[in-house]
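K.L.:
Here is a sequence with its predicted model. Questions after.
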Amino acid sequence: MKTPKKIPYGISNYESLRTENYVYVDKTRFIEQIENEPTKYHFLIRPRKFGKSLFLSTLRHYYDVCSADKFDVLFGDLYIGKNPTPKRNSLFIMKFSFSGLDTSSVEKFQVSFTGAIRGSIQSFLTEHRFIIKDYEALKKEAWTINNVRDYIEFAFDIIESFGTKAYIIIDEYDHFANDLIAQGTNLSLEQYKQLIWANGVVRDFYETLKDNTETVIDKIFITGVTPIMLDDVTSGFNISNNLSVDVRYNEMLGFTEEEVEFLIDECGIDREKIVHNIKFLYNGYLFNIDGENKVYNSAMILFFLYKVLIAGEKAEIIDDNLKTDYGRIRNLITQFENKSVLKELSNNVEIQASIIKKFSILHLHEHKNFLSLLFYMGMVTISKNETTGIASLKIPNYTVKTNYWEYIERFINEEIPANTRLPYHPVKFYEFLGKLALEHNPRPFLDFINGNFVDILSNRDLIKFNEKDIKILMMTLIFQSDFYLPISEFETSGGYCDIYLQRRNSLYPKIETDWVWEIKYIKQSDSENEQLIAEKKMEAITQLQRYKNSTVFKDRTDVRFLAVVFIGKKEYFVEEVICET
């Protein structure tokens, strides 16, 4: 029996992964593919936590002259080890990363950016100290340099002295730009213009690289999350080989279903302990309409598998560390008035749109660019209509959808005047949901929804409140309790039910039933229309009867069906439906 491999959750150092008994999904065929590209400068955008840093570390260990003696250990059993390319371990790797820079002012950013360049050059010297003659003297000399261009030229002179060339790796090239954009102020826009468009340290950095592409630089590989800076920082580069939406690189990062099965086998995970539908939770990303396989966000699925090993069937399903930063998204959406887009998407609406490969910061407000920004950030993905072949955008999976619920709930709460907002008591709220889960009594929870949200918000023109908003709020709150996995627009042969509450009996075995809810809403202006109220009630009951008789629920005795009709600001009708067979 083979020894199970460790799960590489949070591991981005390739050498550590390969020498410390972690499982590795072989992506090295893409090294060969990239090297065979006709252009030298490559650019790849992927959402956060998609394995970019690990792939860059893989490139570093494959190409760097300092890793030549480790080649068999690190690559021997992999595709690239069996099919090595001409440039293996023949270049000096120089890596730059631009996360964590100070963007509070132009002056502080310039100091921070220059410090990042200095740090990268010092790391370059340290990593190559065993082959660089006079390493100690050169390291001291580097500290006497005080500008970006001279730092880089200093390192290039060292590389040229060996008669070889450099492979430049730039990670998170756009991190500081995204920070500025998310601030959403005229000041931040002006800062961006000064730092990127004017003759500042950022432009100086990229111009220095450009000036050396015909001499010491052999290749450049740039990664990030958005294409906002692509035009600005790559002027003068032959950067036409943007791999981000190239069908050939659809599966380069992330894991296919087959690769997830490989992970499970190699790590010795008991499949019986995986009680959740991991495809529903984590799969769904497609980066080209003609991509052969959808892929999982690697960090999401590795977190889950790691938790399965620790907690078995009681594993957590969502890592809070992987959630896209709410403040950044909120500012982008507020700034460009695209809240309606998130509401549409959160209700399982697919939005027809094409992906824009690059766009300026000045045009982020445009609908097509904003949707493309959501795509690059991993908030939507490409969906292909199998009948028409037309592409649209949709939320990739359940885990990402929970982000939308939180955004929308916070938007709504932020729009309620503080002096009219009802107090929220978490302990009391859990008591309400406990009555739903353990006593089959939905009324305390519905009273909470009606009193805390509907009563305040139903006639606010700004929010344009409707049953979809109520549904999103319900799902957001129920999800936070861990009693259920709330699923919107759950598909049955009888149609799509508004909310399906799938109990998490691995965590709470005393919960005996799932719920299917059909939600209706009648505006305050129609709250006296008895005929309309009666029609809405009957509509909900009829729909529930269809769901009960569908192939999904027909033979199940552990599901309860509930019709809920909110009427104006003060009332709601609720009835548990005993469906006819």
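P.N.:
Done, it's in.
K.L.:
can you give me the strands in this structure?
P.N.:
Ranges of strands in the chain, per DSSP state E, are 41-45, 91-97, 165-171, 217-224, 381-384, 391-394, 484-492, 495-503, 514-522, 559-567, 571-576.
K.L.:
can you list these in CSV and add distance to residue 267?
P.N.:
In short, each C-beta sits where N, CA and C put it, glycine included. CSV is the format used below for these (distance: least, CB to CB, whole Å):
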stretch, distance to residue 267
strand 41-45, 27
strand 91-97, 29
strand 165-171, 27
strand 217-224, 27
strand 381-384, 26
strand 391-394, 31
strand 484-492, 24
strand 495-503, 26
strand 514-522, 31
strand 559-567, 34
strand 571-576, 44
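K.L.:
which one of those lies closest to residue 260?
P.N.:
Taking CB to CB as the criterion, strand 381-384 is the member of the strands of the chain that comes nearest to residue 260, at 16.9 Å.
K.L.:
Tell me the pLDDT of the spatially closest residue to residue 170 that is not a sequence neighbour.
P.N.:
The shortest distance from residue 170 to any residue other than its chain neighbours is 4.5 Å, reached at residue 222 (CB to CB, 6 or more residues apart in numbering). At residue 222 the predicted local confidence, pLDDT, stands at 93.
K.L.:
residue contacts, residue 222?
P.N.:
Contacts were defined as CB atoms under 8 Å, 6 or more residues apart in numbering; by that measure residue 222 touches 41, 42, 43, 44, 170, 173, 234.
K.L.:
So in terms of bridging, what pairs with the third one?
P.N.:
Bridge pairing for residue 43 (DSSP bridges) gives the partners residue 222, residue 242.
K.L.:
I'd assumed residue 245 was in contact with it.
P.N.:
No. Assessed by CB atoms under 8 Å, residue 43 is found out of contact with residue 245, at 11.0 Å.
K.L.:
quick one: which of these two has more around it?
P.N.:
Neighbours of residue 43 and residue 245, each counted by other CB atoms under 10 Å, are more numerous for residue 43; the result is 24 against 20.
K.L.:
For the more buried one, give me its contacts.
P.N.:
Under the contact definition (CB under 8 Å, 6+ apart), the residues listed for residue 43 are 221, 222, 223, 230, 234, 239, 241, 242, 243, 244.
K.L.:
Residue 574 too?
P.N.:
Residue 574 sits next to 442, 443, 446, 562, 563, 564, 565 when contact means CB under 8 Å, 6+ apart.
K.L.:
make it 6 Å
P.N.:
Residues touching residue 574, when contacts are defined by CB atoms under 6 Å, 6 or more residues apart in numbering, comprise residue 564.
K.L.:
Compute the distance between it and residue 59, please.
P.N.:
Distance from residue 574 to residue 59, counting by CB to CB, to the nearest Å: 59 Å.
K.L.:
Next: residue 15.
P.N.:
13 Å.
K.L.:
the more surrounded of the two?
P.N.:
residue 59 (23 against 15).
K.L.:
Let me know the pLDDT of the more buried one.
P.N.:
At residue 59 the predicted local confidence, pLDDT, stands at 98.
K.L.:
And for stretch 148-167, what's in contact with it?
P.N.:
Stretch 148-167 is contacted from outside by 63, 91-94, 114, 117-118, 121, 124, 145, 201, 204-205, 208, 212, 216-219, using CB under 6 Å, 6+ apart.
K.L.:
and what of stretch 83-100?
P.N.:
In this structure, residues lying in contact with stretch 83-100 by CB under 6 Å, 6+ apart are 32, 35, 60, 63-65, 67-68, 120, 124, 159, 165-172, 175-176, 218.
K.L.:
Check stretch 111-118 too.
P.N.:
Counting by CB under 6 Å, 6+ apart, the neighbours of stretch 111-118 from elsewhere in the structure are 101, 102, 148, 151, 201.
K.L.:
quick check, nearest of those to residue 280?
P.N.:
Relative to residue 280, the closest of the contacts of stretch 111-118 is residue 101; by CB to CB it sits at 37.8 Å.
K.L.:
Phi, psi for the closest one please.
P.N.:
The phi and psi torsions at residue 101 (degrees, to the nearest 10) take the values phi -80, psi 150.
K.L.:
any idea how far it lies from residue 364?
P.N.:
Computed as CB to CB, the residue 101 to residue 364 distance reads 20 Å.
K.L.:
and what of residue 445?
P.N.:
Shown here: residue 445 relative to residue 364, a distance of 39 Å by CB to CB.
K.L.:
Of those two, which one has the most company?
P.N.:
Comparing residue 445 with residue 364 by neighbour count (other CB under 10 Å), the higher total belongs to residue 445, at 21 against 18.
K.L.:
Apart from its neighbours in sequence, what residue is nearest that one?
P.N.:
Ranked by CB to CB, 6+ apart and with sequence neighbours excluded, the top spatial neighbour of residue 445 is residue 432, at 4.5 Å.
K.L.:
So which residue is smack in the middle of the chain?
P.N.:
Among the residues of the chain, the smallest C-alpha distance to the mean C-alpha position (CA atoms, centre = their mean) belongs to residue 378, namely 4.0 Å.
K.L.:
Leaving out sequence neighbours, find the closest residue to it.
P.N.:
On the basis of CB to CB, 6+ apart, the spatially nearest residue to residue 378 that is not a chain neighbour turns out to be residue 47, at 2.7 Å.
K.L.:
and that neighbour, what pLDDT?
P.N.:
pLDDT, the model's per-residue confidence, is 91 for residue 47.
K.L.:
on that earlier part again, need the per-residue pLDDT for the residue nearest to residue 445.
P.N.:
Per the predicted model, pLDDT is 88 at residue 432.
K.L.:
next one: residue 281
P.N.:
So residue 281 comes in at 91 (pLDDT).
K.L.:
cool, and residue 185?
P.N.:
The predicted local confidence for residue 185 comes out at a pLDDT of 55.
K.L.:
same check, this time on residue 455
P.N.:
The model reports residue 455 with a pLDDT of 67.
K.L.:
now do residue 408
P.N.:
For residue 408, the model assigns a pLDDT of 69.
K.L.:
same thing with residue 1?
P.N.:
Residue-level confidence at residue 1 comes out at 65, pLDDT.
K.L.:
So, low pLDDT: which residues of the stretch 151-300 of the chain?
P.N.:
182-188, 197-199, 232-240 (pLDDT under 70).
K.L.:
ditto for the stretch 451-581 of the chain
P.N.:
Within the stretch 451-581 of the chain, the set of residues satisfying pLDDT under 70 comprises 453-465, 579-581.
K.L.:
switch to 50 and redo it
P.N.:
Low-confidence segments of the stretch 451-581 of the chain (pLDDT under 50): 458-463, 581.
K.L.:
so what's residue 255 up against?
P.N.:
When contacts are counted by CB under 6 Å, 6+ apart, residue 255 is found next to 295, 296, 298.
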